[in-house]
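**Q** coords please:
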Amino acid sequence: MNNASLRPDTAMVHINWQDGTSADFPYIWLRDNDPAAFHPQTKERMSDLTAIKLDVSPERIEANDKTLTIWWDGDDTVSAFDMDWLRARSPGQRATDPAHTGFNLWRQDLGAQAIPRAAADKVLGSDAALQDWLVDTQHYGISIVHGLTDSTDAGMDVARRIGFLRETNFGLTFEVQSKPNPNNLAYTSFALPLHTDLTNQELPPGFQFLHCLANEAEGGGSLFCDGYAISEDLRNSNPEAFELLSTISIPFRFHDDATDIRSRKKVINLDENGQVIEICFNAHIADVLDLEPSLMVRYYRAYRQFMIMTKDPAYLVTLKLKAGEMVVFDNRRVLHGRGAFDPQTGFRHLHGCYVDRGEFESRLRVLRR
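**A** Coordinates of the predicted model:
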């Protein structure tokens, strides 16, 4: 049986669970998270923390297998907590997040054939298939959806199964094809080195969807590498370079006749536990570096080393999309590029859009409830 006791010396309630484990809950935390202080429909917090004394304390408590009940000293408030709810939120342990499925780092040995694949009709028609596809896409950061119809709406329909499309200065969607007077290298027939898109934005887009409508030209193969894998290998082989790229921001800029969008980014971004969670690397829209002269050469050495690794065949997976296929990848993890192609030998047309990570993770949480 669960039991609870007051610990006035530490201002905490101590709970012993049936399996022999225990946890401590600060009084102020319990008072702030009184279940009655949340709106029953919206689940939003309605309490005012400034109206609660920091030295709030219980007058008495009662506990059983299902409920912890607290009578608070000095007012009429009685809080009733579900024991399972408390156990899942023990202070000091991160709440589990069903959207965080973990990552499978990959290199060249993954090969194009091992990239997860899903049929468009199943993703569109089945929540179970949608969930499986989202999990696979998050694990690897990349997947291919096949069987799309010959329509620019087909890829967007799949993207909207996840959430809202992210609009950028290139529009809600964009056409990747060679065209006159381009304002981006993607709209030429030249080779594109590996990069992540729109590092100049305050928040670069999350997942990118590239639906192939035609790919008949000679050349134009797609290139991908796992930025997380490169970063971890760099951390192990060259700690100084990893430190520089993960602590120092550099300027990125996109500008044309209508826009001038700038932002500073670290190439490698970490969470508070030191795990790599984002890559921002785009050499062709990197602005002029403005670092201190004493730091400049050291940074260039690290930045150049990361660039060399993106060109190393040991990390590259190459494929040539066919009409009706769509590659989907995490733009803040997987770097993508393209070989040069000859537009005189055939038509090449990809239709693209973005869905932010927040939308992707929200859909996954709802599906996994």
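
**Q** hey, let's count contacts and neighbours off CA atoms from now on
**A** Noted.

**Q** Point out where the stretch 51-200 of the chain drops to low pLDDT.
**A** Scanning the stretch 51-200 of the chain for pLDDT under 70 picks out 177-191.

**Q** Next one: the nearest residue to Ser151 once chain neighbours are set aside from Asp150, what distance?
**A** Closest residue in space to Ser151, ignoring its immediate chain neighbours: Leu213 at 7.5 Å, by CA to CA, 6 or more residues apart in numbering. Going from Leu213 to Asp150 by CA to CA, to the nearest Å gives 6 Å.

**Q** repeat for Gly111
**A** In terms of CA to CA, Gly111 sits 27 Å off from Asp150.

**Q** Between Leu213 and Asp150, point out the one with more neighbours.
**A** Ranked by neighbour count (other CA atoms under 10 Å), Leu213 and Asp150 place Leu213 first, with 23 against 15.

**Q** sec struct for that one, please.
**A** At Leu213 the chain is in strand, as set by DSSP: H, G, I helix; E, B strand; the rest coil.

**Q** Now do the helices in the chain.
**A** According to DSSP state H, the chain carries its helices in the segments 27-32, 83-88, 120-125, 127-140, 152-160, 227-237, 239-247, 293-311, 357-367.

**Q** Beta-bridge partners for Asn215, please?
**A** For Asn215, the beta-bridge partners under DSSP bridges are Arg348.

**Q** That one and Thr345 touch, don't they?
**A** No: Asn215 lies out of contact with Thr345 (CA atoms under 8 Å); the separation is 10.3 Å.

**Q** Could you check which of these two has the larger neighbour count?
**A** With neighbours defined as other CA under 10 Å, Asn215 and Thr345 compare such that Asn215 has more, 19 against 11.

**Q** Look up the pLDDT of that one for me, please.
**A** pLDDT recorded at Asn215 is 85.

**Q** contacting residues for it?
**A** Applying CA atoms under 8 Å, 6 or more residues apart in numbering, we find Asn215 in contact with 320-323, 346-349.

**Q** now those: which count as buried?
**A** Buried members of the contacts of Asn215, counted by 16 or more other CA atoms under 10 Å: 320-321, 323, 347-349.

**Q** Strands of the stretch 51-200 of the chain, start to end?
**A** Here the stretch 51-200 of the chain has its strands, by DSSP state E, counting those that start in this stretch, at 58-63, 67-72, 78-82, 117-119, 142-146, 174-176, 192-195.

**Q** Report the buried residues of the first one.
**A** With burial defined by 16+ other CA under 10 Å, the residues of strand 58-63 counted as buried are 58, 61, 63.

**Q** what angle do it and strand 78-82 make?
**A** 30 degrees (axes from the mean of the first three to the mean of the last three CA atoms, to 10 degrees).

**Q** Domain map for the chain?
**A** 3-88, 108-367 (automatic domain parsing).

**Q** and these, which is most packed in?
**A** Mean neighbours per residue, mean count of other CA atoms under 10 Å, is largest over the domains of the chain for domain 108-367, with a mean of 18.

**Q** measure that domain end to end?
**A** Domain 108-367 end-to-end distance (CA to CA) = 32 Å.

**Q** thinking again about what came up before, out of the contacts of Asn215, who's nearest Thr173?
**A** Distances from Thr173 to those, taken as CA to CA, are shortest for His349 (13.1 Å).
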